[in-house]
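Peer 1: Predicted structure and sequence below. I'll ask about it afterward.
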Number of protein chains: 2
Amino acid sequence: MIFGIDAMGGDHAPSAIIEGAVEAQGFIDPKDTILLIGDEELIRDHLSQYKYSKDKIQIKHASQVIDMHDQPTRAFSSKTDSSINVGFRMLKEGEIDSFASSGNTGVMLVGSYYEIGVVQGLLRPTTTALVPKENGGSAVLLDVGTNPDVKPDVLNQFAVLGSIYAESLLGIKNPRVALLNIGSEDKKGNILLQSTFPLLQENKEINFVGNIEGRDIFDDKTDVIVTDGYTGNIVLKQLEAFHDIMVKRHADDPFVKRMDFENFGATPVIGINKPVLIGHGISGVKAFKNMILSSKKLISADLKSKIREKLSQNIVL
Amino acid sequence: MIFGIDAMGGDHAPSAIIEGAVEAQGFIDPKDTILLIGDEELIRDHLSQYKYSKDKIQIKHASQVIDMHDQPTRAFSSKTDSSINVGFRMLKEGEIDSFASSGNTGVMLVGSYYEIGVVQGLLRPTTTALVPKENGGSAVLLDVGTNPDVKPDVLNQFAVLGSIYAESLLGIKNPRVALLNIGSEDKKGNILLQSTFPLLQENKEINFVGNIEGRDIFDDKTDVIVTDGYTGNIVLKQLEAFHDIMVKRHADDPFVKRMDFENFGATPVIGINKPVLIGHGISGVKAFKNMILSSKKLISADLKSKIREKLSQNIVL
């Protein structure tokens, strides 16, 4: 397998990416390759500081860079030799098996939707985060910002996507799905949540366990937490803020440590036709290493086929 | 002043309320009285265990109790001799100066809106929470669950209400107001947030500082955090969950301790014609003590007059 990695994306590019790749190459299969996409000379310069297997880390030149402030659709259509564009083209052509970047999130989504394409029948692709439970497990939280405006049928599909993620990537059989709400009773919440609840109840493709509250986020009440991209984004970033403050205050607690986003490396874009991962702009070496290792898992999970199968079985979708 | 307190509301009623009242009476003015409303015999029984000044704690009998599962409008209109109904009637008639309860939140809101009434010109009353900042201060978060569905003009009024709260109760001059969003750029967010942003920019009654993200919640970037009641409720309860888990895990950290909701006692209902406070169902002795002490501050703050003044000055409202 070939894991395409944008060497130019994120606040600490390219140094942290290259160091992360060097760390990751010790953990990947002898047949697998990390392909660093970006300014060849710059990447070669950085790589020269390290010892690594030349078979496992290769370079694909891209002459342009999209930065965090570029307007997504304009940047994607004009900077055609940017590391992100080259990555998506190679993924589309099958020259790489996955593509990951910590660069401009908007551009990554434009590439995902228009170059790679949305799984047929799906209303909206999504992005997720893993929320640590106090008992040691994790729950899949979605959406975390890609879809700040959603309708009930979109949340109903997110419940299916989250279940597929929990089963395929976390190994949880028949994962429990809950709706994040302001109370646990069936009729609670705003119009969106009240309209979504019966759809989830009727959806035979998921194991719906009802509403959970914000206080239950770290409990073992569910495996998938469904919400809109506004609320989910705030939950995720509040969690990251709490982690960062507690680490700064020298809290030496395993639960707090599991809140570190760098453990996960990146979030896959769920619901598109090929494996794409988006990392945090502030990703460091550990995050990039985990981003590369997550790429392999994401390719093996073959989410696209599972989503297509569920969509074709479920007339709700 | 007479602080009316529902002795029958909350999971630990009446014992924790009565113990809280006994603790609070040492801190109140000689001219002030705590009026415990509920089953007289039961209250008298509990009070007999303590030493306290008979002038400072008095009892008003109410023969019925509304429980957490009662349907709000039905309970309020049928259980007319419940401790909550008696409390609201006395507040309306001026026999008490404030009313506070940790009972059924829905019933407390029904009483607030229909017995006490909404300040003229206000679209929606709201409830708030204080979020501890890492640097030692606090920010006012609103709404925290009373209004899970809102429109831009409602959020614009919340910004004013939050500013009045921060100025009157936290003593912050010209408090900064921010919109909780998924990014800091002006155009970020869902349709609600994108439509609210320009209203806040144009609102001359507030000191709007733009969007903040979930990661900024504990920073000193703002004094008032505006969001809808769904997202705000999740933020508040996630914060409470962090607190409870960290305390359980023996974290001895002043920042974590300041997340304890019992520090605040109760949230005032902002935007009604008289002082009403609603406590957490799980409130303990410390919370009830602080609920009583908060009552005095809320009466003195005279939010109603300040809200009326701002509403009449600002044609946006």
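Peer 2: Yep, that arrived. Numbering: from 1, shown residues only, chains lettered A, B, ... in the order given.
Peer 1: what's the nearest residue to A:Ala301 if we skip its chain neighbours?
Peer 2: Leaving out its chain neighbours, the residue that sits closest to A:Ala301 by C-beta to C-beta, 6 or more residues apart in numbering or on different chains is A:Ser168, at 4.0 Å. The way it works is simple: take the backbone N, C-alpha and C, and place the C-beta from them, glycine included.
Peer 1: Correct me if wrong: the one you found contacts A:Lys306.
Peer 2: Yes - between A:Ser168 and A:Lys306 there is a contact under C-beta atoms under 8 Å: 6.3 Å.
Peer 1: Around chain B, which positions in the stretch 201-317 of chain A sit nearby?
Peer 2: A:213-219, A:227-231, A:233-242, A:244-246, A:249, A:251, A:253, A:255 (C-beta under 8 Å from any C-beta of the partner chain).
Peer 1: lowest-confidence helix or strand of chain A?
Peer 2: helix A:303-313 (a mean of 90; mean pLDDT, DSSP states H and E).
Peer 1: And for that helix, what's in contact with it?
Peer 2: A:119-122, A:160-161, A:164-165, A:168, A:205, A:268, A:270-275, A:317 (C-beta atoms under 8 Å, 6 or more residues apart in numbering or on different chains).
Peer 1: Report the secondary structure state of A:Lys274.
Peer 2: Following DSSP: H, G, I helix; E, B strand; the rest coil, the label given to A:Lys274 is coil.
Peer 1: so what's it up against?
Peer 2: Residues counted as contacts of A:Lys274 (C-beta under 8 Å, 6+ apart) are A:91-92, A:98-99, A:116, A:304.
Peer 1: Equivalent analysis for A:Glu95, please.
Peer 2: Taking C-beta under 8 Å, 6+ apart as the test, what A:Glu95 contacts is A:Ile2.
Peer 1: From chain B, how far off is it?
Peer 2: Distance of A:Glu95 to chain B, given as C-beta to the nearest C-beta, to the nearest Å: 33 Å.
Peer 1: what about the residue nearest to A:Ala301, how many neighbours?
Peer 2: Number of residues near A:Ser168 (other C-beta atoms under 10 Å in any protein chain shown) recorded here: 16.
Peer 1: what's the answer for A:Leu293, then?
Peer 2: Counted with other C-beta under 10 Å, A:Leu293 comes out at 16.
Peer 1: what does A:Lys221 give?
Peer 2: Counted by other C-beta under 10 Å, the residues lying close to A:Lys221 total 18.
Peer 1: Quick check: phi and psi at the residue lying closest to it once chain neighbours are set aside.
Peer 2: Excluding the flanking residues, the one nearest A:Lys221 by C-beta to C-beta, 6+ apart is A:Ile212, at 5.3 Å. Dihedral pair for A:Ile212: phi -120, psi 160, per degrees, to the nearest 10.
Peer 1: A:Ile212 bridge partners, please.
Peer 2: Taking DSSP bridges, one finds A:Leu180 as the beta-bridge partners of A:Ile212.
Peer 1: measure it to A:His61 for me?
Peer 2: Applying C-beta to C-beta, to the nearest Å, the value for A:Ile212 to A:His61 is 48 Å.
Peer 1: of those two, who's got more company?
Peer 2: More crowded of A:Ile212 and A:His61, by other C-beta under 10 Å: A:Ile212, with 22 against 15.
Peer 1: That one contacts A:Ala178, correct?
Peer 2: Yes - counting by C-beta under 8 Å, A:Ile212 does reach A:Ala178; the two are 4.2 Å apart.
Peer 1: thinking again about what came up before, buried ones among the contacts of helix A:303-313?
Peer 2: The neighbour count (16 or more other C-beta atoms under 10 Å in any protein chain shown) marks A:119, A:122, A:160-161, A:164-165, A:168, A:205, A:268, A:270-275, A:317 as buried among the contacts of helix A:303-313.
Peer 1: Once you drop chain neighbours, what's closest to the residue in the stretch 1-150 of chain A that chain B sits nearest to?
Peer 2: Nearest residue of the stretch 1-150 of chain A to chain B (C-beta to the nearest C-beta) works out as A:Pro148 at 3.7 Å. Leaving aside its chain neighbours, A:Pro148 sits nearest to B:Asn190 (3.7 Å; criterion: C-beta to C-beta, 6+ apart).
Peer 1: All the strands of the stretch 201-317 of chain A, residue numbers only.
Peer 2: A:207-212, A:224-226, A:267-270, A:276-278 (DSSP state E, counting those that start in this stretch).
Peer 1: Make a markdown table from the ones you listed and add mean pLDDT and distance to B:Gln194 to it.
Peer 2: Output for the strands of the stretch 201-317 of chain A, formatted as a markdown table (pLDDT from 0 to 100; distance: least, C-beta to C-beta, whole Å):
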| stretch | mean pLDDT | distance to B:Gln194 |
| --- | --- | --- |
| strand A:207-212 | 98 | 28 |
| strand A:224-226 | 98 | 23 |
| strand A:267-270 | 96 | 23 |
| strand A:276-278 | 97 | 22 |
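Peer 1: just these: most buried one?
Peer 2: strand A:224-226 (a mean of 29; mean count of other C-beta atoms under 10 Å in any protein chain shown).
Peer 1: and that one, which strands flank it?
Peer 2: Strand A:224-226 has the following strand partners under DSSP bridges: strand A:138-142 (parallel), strand A:176-180 (parallel).
Peer 1: Mean neighbour count and mean pLDDT for those strands - can I get that in JSON lines?
Peer 2: Listed next are those as JSON lines, based on neighbours: other C-beta atoms under 10 Å in any protein chain shown; pLDDT from 0 to 100:
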{"stretch": "strand A:138-142", "mean neighbour count": "25", "mean pLDDT": "97"}
{"stretch": "strand A:176-180", "mean neighbour count": "25", "mean pLDDT": "98"}
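Peer 1: Would you map the strands across the stretch 51-200 of chain A?
Peer 2: Using DSSP E, counting those that start in this stretch, the strands assigned to the stretch 51-200 of chain A run over residues A:57-61, A:98-101, A:126-132, A:138-142, A:176-180.
Peer 1: Which among those strands is found nearest to B:Val140?
Peer 2: Of all the strands of the stretch 51-200 of chain A, it is strand A:176-180 that lies closest to B:Val140, at 23.2 Å by C-beta to C-beta.
Peer 1: how far is that closest one from where the chain is centred?
Peer 2: Put simply, strand A:176-180 sits 19 Å off its chain's centre (C-alpha atoms, centre = their mean, to the nearest Å).
Peer 1: can you check stretch A:44-54 too?
Peer 2: For stretch A:44-54, the distance to the chain centre is 28 Å (C-alpha atoms, centre = their mean).
Peer 1: gap between the residue positioned nearest the centre of chain A and A:Gly137?
Peer 2: The centroid of chain A falls nearest to A:Thr267 when counting by C-alpha atoms, centre = their mean (1.3 Å). Relative to A:Gly137, A:Thr267 is positioned 18 Å away (C-beta to C-beta).
Peer 1: Alright, that wraps it up for me.
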